[in-house]
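Trainee: below are the sequence and a predicted model; questions follow.
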Amino acid sequence: MTRFTLGQLAEALDAKLDGDPARVVTGVASLDAASADDISFLTDPRYEAAARASRAGAFVVPAGTRGLPAPVLECGSPQRAVIELLTLFHPPSPLPAGVHPTAVVAPSAAIDPTAAVGPLSVVEAGARIGARVAVHALAYVGRGVEVGDDSELHPHVVLREGVALGQRVVVHAGAVLGADGFGFRPEGGRHRKVPQVGRVVIEDDVEIGANTTIDRATLGATVIRRGTKIDNLVQVAHNVEIGEDAIVAAQTGIAGSSKIGRGVILAGQVGVADHVTVGDGAMLGAQTGVAQDVEPGAKLAGTWGRPLLQARRIWIAQAELPEMVTRMKKLERRIAELEARLGGEAR
Amino acid sequence: MTRFTLGQLAEALDAKLDGDPARVVTGVASLDAASADDISFLTDPRYEAAARASRAGAFVVPAGTRGLPAPVLECGSPQRAVIELLTLFHPPSPLPAGVHPTAVVAPSAAIDPTAAVGPLSVVEAGARIGARVAVHALAYVGRGVEVGDDSELHPHVVLREGVALGQRVVVHAGAVLGADGFGFRPEGGRHRKVPQVGRVVIEDDVEIGANTTIDRATLGATVIRRGTKIDNLVQVAHNVEIGEDAIVAAQTGIAGSSKIGRGVILAGQVGVADHVTVGDGAMLGAQTGVAQDVEPGAKLAGTWGRPLLQARRIWIAQAELPEMVTRMKKLERRIAELEARLGGEAR
Amino acid sequence: MTRFTLGQLAEALDAKLDGDPARVVTGVASLDAASADDISFLTDPRYEAAARASRAGAFVVPAGTRGLPAPVLECGSPQRAVIELLTLFHPPSPLPAGVHPTAVVAPSAAIDPTAAVGPLSVVEAGARIGARVAVHALAYVGRGVEVGDDSELHPHVVLREGVALGQRVVVHAGAVLGADGFGFRPEGGRHRKVPQVGRVVIEDDVEIGANTTIDRATLGATVIRRGTKIDNLVQVAHNVEIGEDAIVAAQTGIAGSSKIGRGVILAGQVGVADHVTVGDGAMLGAQTGVAQDVEPGAKLAGTWGRPLLQARRIWIAQAELPEMVTRMKKLERRIAELEARLGGEAR
């Protein structure tokens, strides 16, 4: 069991301890779930009452917090301290380096000796696996794939031939990178396949969610730039490019050749049609659909994405719409009556 | 080939047979597909004409049904009888107990001798597999995972470390339980990962569809309660809790920390934003999106979910909206004219 | 490296060469990415300026094109020529025939000697694998499955028991065919599973995207007819039938027993409710939802799918709706004033 004294934690988190430095905690827990052996945290003043009622043995808090029922560690940024706390109590347990005897690795694959290749995984010819990479059980690394240092491929990941991953890339279980783009040409009423011979390029520090699919380009590359985070069950079509530090939430789909700018946020279940450019820093609310270019910094919502505030005002006004149909008919009748009473000179 | 006499079926289904008890049927089929060797069923009076035209050799029917062209088995609940009929003709064919020689099982994993562990599956250290569990080919059971008695993991299922399944849980092919929640903290324009160290807890009698993803909690647990059924390609984010006996149809997404009540029905492609509570027994129509709490028993539809009947009335009224724009302009002109004719005293 | 002279390409593409037939190209690239060693293509007159600026060593162009900075191959159909060009430069590299020693193949499975069964794949009892089929690494072929000649199962594909594939079917990585349909019957407040004992039938020339799910029928078969192309992360529920030569884009969901006609186009994230018939040649725009039958040839958009043009007009008119609420109140007041001034005889 992991154990830390509050003194050790104060030092590790660069925090000011108000309480007994010898006191020991053995876990991190939320305010309501914490027991006396846990350290908990107050990152939002809305939860002060919950913190006062908590049974936690200690708290990470913003500087100046008083009145909690256990020792506190005052931190400049409690949010950051929580990340460090979680890492201290739950250090990553890396796979042991080396190739598991049941893995099937092509002789021409180049695997760094510090990398781990798990049981029943497959690494095809010409693949290159960098230092400290973890290829988990049952993962598939296709011909000529490159996986940069410190990257992690969870169980059942598929990287088809030619996919290139940068450093510190995390690909969650079941994600498929490099499947053929969806390209067909009508020919005599049927659909003829357009060969999809491009690549997928994933830059450093990208994270890709479980069962997400990122298709290879027809020609050239589908590109996800540095630092972008993609959630589960997302579809990224052929020749899409996503800029740096973007956030793509679950079940979003981006159609062929669209360009998503730097720092864009696509909330859940968003749809971006093909050949659309979404400008840097734009934010598309959940379930938004866009079929035309989006200005940098725009905040959109709804089908055929509108400015969020307008969408919201329309949504509110719609509640009156059914009644407005009736009211308009009544108005028309009343005006006709007035016109009739005023006689012939009306147009 | 499975064979039953109508006499045997009458006894098994607790049905009243009108016809020859020695007659043999060898399969179950729908009214239009049945041949003389099949038994079919009439569960809805709308299909009586189809039943009369059917070539089936026998029918399961509600009590009192007359006039069909073959023997009938009258049942108190024909729907329930059909389930029993399907089970009689298509009994589950369990995997043979034991660990397949190509499976990779850690020495510290505890596998009940009545469980089946299929070819090329992986069971990691400390995992516990209960009685009569089926771990199909190529499935992955992570460190410390618990799988309760009579549960079934279809091919390519991934249960990451620490996931706990109750009894009689069915996880369909390609589902991923326990991938990291999607949690990042902005730090200097980049996204820093918040370690996801919680668990996934699945209670008894839950069914989880193919390629569905259920993320582990940041801290604590993502929980699916007893009896809930989840369809394919559903996303359940970190720290979500779904109550008992809920129905979650395909491609629905539930964002972080939301609570879905008991008996809730989420139709297909529904989106629930984060930190939302959906009350017990609520029903969200297909493609509904909700970002605020939903009352118990509410029936909602549309973006930013509205009451279903209101949503429907708005939808109908919208058909008049484009013309209303024109009509309103005309009304404004006619009123201005009347006001002008009535002269200066109008405000 | 693949090398062709322009003379060879002119002959292979049945094109008229304007330039040196001995000139060599070693790759295909888009106009902006091409170097002097690449051949590029002009398939749309909108890109003529880009073609004139391109550094490509040669161009495939429509007949009559002049003024490009390198030799041109004039073709009757440049689009078709590009497909042939891509195939020439990127010929498929088939897996070597034979069963990989790490594959687990049941003795009763019938595998054509020209077929390839990749590493760590599983082929269960009674399965039949046709000529020149490729079963890639880690794929799962269940009991009694049939895979027709020249079909390809990418890594991690799951075909559960009884699934039948025609010829030249491509199933991309992670797709799951034959998982149980989502069928439950309410019984005392709980959900009782209806056994799903039907099949999945995929006809010739169908392509199925990565991580797509196609459920088995309750009874009978879920059917995808010849030539239909299905993108990634699509959900096809039990007993659905999709006609020939349809296009189903990513993240679309089709609920139970619905019938999709011949040549239908379902754009991305479309939802079709259960028991709906979509007529031949209909086109449903991205994010459309339909709960009622759709006429052949209809073009629909939006929730509860409307005709596309009407949906568009409503969408435009909605921008005026919030202001219309105010304008209508003002109109009502002005009319009331006029009525008051005209005195008692007004109704």
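Mentor: That came through fine.
Trainee: name the SS class of A:Ala340, please.
Mentor: Classification of A:Ala340 by DSSP: H, G, I helix; E, B strand; the rest coil places it in helix.
Trainee: again with A:Pro322
Mentor: What three-state DSSP gives for A:Pro322 is helix.
Trainee: now do the contacts for it.
Mentor: B:310, B:313-314, B:316-317 (C-beta atoms under 8 Å, 6 or more residues apart in numbering or on different chains). To be clear about C-beta, it is placed using only N, CA and C from the backbone, and glycine gets the same treatment.
Trainee: nearest to B:Ile265 among these?
Mentor: B:Gln310 (18.7 Å; C-beta to C-beta).
Trainee: where's the closest residue to that closest one other than its chain neighbours relative to B:Asn211, distance?
Mentor: Distance criterion C-beta to C-beta, 6 or more residues apart in numbering or on different chains; nearest residue to B:Gln310, sequence neighbours excluded, is A:Ala319 at 7.1 Å. According to C-beta to C-beta, to the nearest Å, A:Ala319 stands 38 Å off from B:Asn211.
Trainee: out of the two, which sits in the more crowded spot?
Mentor: More crowded of A:Ala319 and B:Asn211, by other C-beta atoms under 10 Å in any protein chain shown: B:Asn211, with 30 against 13.
Trainee: among the contacts of A:Pro322, which ones are buried?
Mentor: By neighbour count, with 16 or more other C-beta atoms under 10 Å in any protein chain shown, the contacts of A:Pro322 hold B:313-314, B:317 as buried.
Trainee: show me which of the residues you listed is closest to A:Ala255.
Mentor: Taking C-beta to C-beta as the measure, A:Ala255 lies nearest B:Ile314 of the buried ones among the contacts of A:Pro322, at 28.9 Å.
Trainee: in a helix, that closest one, correct?
Mentor: Yes. Counting by three-state DSSP, B:Ile314 is found in a helix.
Trainee: contacts only, for the residue nearest to B:Gln310.
Mentor: A:Ala319 sits next to B:306, B:310, B:314 when contact means C-beta under 8 Å, 6+ apart.
Trainee: ok, of the residues you listed, which one's closest to C:Ala179?
Mentor: Minimum distance to C:Ala179 across these is 33.5 Å, recorded for B:Arg306 (C-beta to C-beta).
Trainee: how many residues are close by A:Tyr47?
Mentor: Neighbourhood size, A:Tyr47 [other C-beta under 10 Å]: 17.
Trainee: then the one 10 residues further on?
Mentor: Neighbours of A:Gly57 under the rule other C-beta under 10 Å: 23.
Trainee: neighbours around the nearest residue to it once chain neighbours are set aside, how many?
Mentor: Distances taken as C-beta to C-beta, 6+ apart put A:Ala36 closest to A:Gly57, at 4.6 Å, once the chain neighbours are dropped. When neighbours are defined as other C-beta under 10 Å, A:Ala36 has 11 of them.
Trainee: specify the local secondary structure of A:Ala36.
Mentor: coil.
Trainee: who are the contact partners of it?
Mentor: A:55-57.
Trainee: give me the pLDDT value at it.
Mentor: At A:Ala36, the model reports a pLDDT of 96.
Trainee: is A:Ala10 in a helix, a strand, or coil?
Mentor: Three-state call for A:Ala10 (three-state DSSP): helix.
Trainee: still on that earlier bit, turn the contacts of A:Ala319 into CSV, including pLDDT.
Mentor: Below are the contacts of A:Ala319 laid out as CSV (pLDDT from 0 to 100):
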residue, pLDDT
B:Arg306, 91
B:Gln310, 93
B:Ile314, 94
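Trainee: which of those residues lies closest to C:Gln235?
Mentor: Lowest distance from C:Gln235 to these (C-beta to C-beta) belongs to B:Arg306, with 25.3 Å.
Trainee: how many neighbours does the closest residue to the closest one other than its chain neighbours have?
Mentor: Once flanking residues are discounted, B:Arg306 sits nearest to B:Leu300: 6.2 Å by C-beta to C-beta, 6+ apart. For B:Leu300, the count of nearby residues is 22 (other C-beta under 10 Å).
Trainee: kindly report the same for A:Pro195.
Mentor: Neighbour count of A:Pro195, defined by other C-beta under 10 Å: 22.
Trainee: ok, it - contacts?
Mentor: Contacts of A:Pro195 by C-beta under 8 Å, 6+ apart are A:218, C:83, C:86-87, C:90.
Trainee: and it, how far from A:Gly181?
Mentor: Going from A:Pro195 to A:Gly181 by C-beta to C-beta gives 10 Å.
Trainee: spit out the residues that contact those two alike.
Mentor: Taking C-beta under 8 Å, 6+ apart as the contact rule, A:Pro195 and A:Gly181 both touch A:Thr218.
Trainee: wait, what's in contact with A:Val278?
Mentor: Residues near A:Val278 by C-beta under 8 Å, 6+ apart: A:258-261, A:264, A:266, A:272, A:284, A:290, A:293-294.
Trainee: and which of the residues you listed is nearest B:Ser151?
Mentor: Among the contacts of A:Val278, A:Leu266 lies closest to B:Ser151 (C-beta to C-beta), at 35.8 Å.
Trainee: counting neighbours, what do you get for that closest one?
Mentor: Neighbour number of A:Leu266 under other C-beta under 10 Å is 28.
Trainee: my read: it touches A:Ala250, true?
Mentor: No. Contact status for A:Leu266 versus A:Ala250: not in contact, 10.1 Å apart, counting by C-beta atoms under 8 Å.
Trainee: all helices for chain A, in order.
Mentor: Per DSSP state H, chain A carries helices over the ranges A:6-13, A:48-53, A:78-89, A:308-318, A:321-342.
Trainee: would you mark the buried spots in the first one?
Mentor: By neighbour count with 16+ other C-beta under 10 Å, helix A:6-13 contains the buried residues A:6, A:9-10, A:13.
Trainee: out of those, what pair is the most spread apart?
Mentor: The largest separation in the buried residues of helix A:6-13, counting by C-beta to C-beta, is between A:Leu6 and A:Leu13 at 10.1 Å.
Trainee: joint contacts of these two?
Mentor: Common contacts of A:Leu6 and A:Leu13 (C-beta under 8 Å, 6+ apart): A:Leu73.
Trainee: the closest residue in space to A:Arg334 that isn't next to it in sequence: neighbouring residues, count only.
Mentor: Spatially, and ignoring its direct neighbours in sequence, A:Arg334 is nearest to C:Ile335 (5.2 Å; C-beta to C-beta, 6+ apart). C:Ile335: 22 surrounding residues under other C-beta under 10 Å.
Trainee: ok, C:Ile335 touching A:Leu338?
Mentor: Yes. Counting by C-beta under 8 Å, C:Ile335 touches A:Leu338, with 7.2 Å between them.
Trainee: next one: the closest residue to A:Leu88 other than its chain neighbours from A:Ser35, what distance?
Mentor: Nearest residue to A:Leu88 in three dimensions, chain neighbours excluded: A:Ala12, at 6.2 Å (C-beta to C-beta, 6+ apart). According to C-beta to C-beta, A:Ala12 and A:Ser35 sit 22 Å apart.
Trainee: and what of A:His136?
Mentor: A:His136 is 33 Å from A:Ser35, by C-beta to C-beta.
Trainee: looking at the two, which is more packed in?
Mentor: The neighbour count for A:His136 versus A:Ser35, taken as other C-beta under 10 Å, is higher for A:His136 (26 against 14).
Trainee: still on that earlier bit, of the contacts of A:Pro195, closest to chain B?
Mentor: For these, the closest approach to chain B (C-beta to the nearest C-beta) belongs to A:Thr218, at 25.2 Å.
Trainee: outline the domain layout of chain A.
Mentor: Per the record, chain A has its domains at A:4-89, A:98-308, by automatic domain parsing.
Trainee: which one of those is the most hemmed in?
Mentor: domain A:98-308 (a mean of 23; mean count of other C-beta atoms under 10 Å in any protein chain shown).
Trainee: quick one: that domain to chain centroid distance?
Mentor: Per C-alpha atoms, centre = their mean, to the nearest Å, the displacement of domain A:98-308 from the mean C-alpha position of its chain is 12 Å.
Trainee: with stretch A:24-31 instead?
Mentor: 27 Å.
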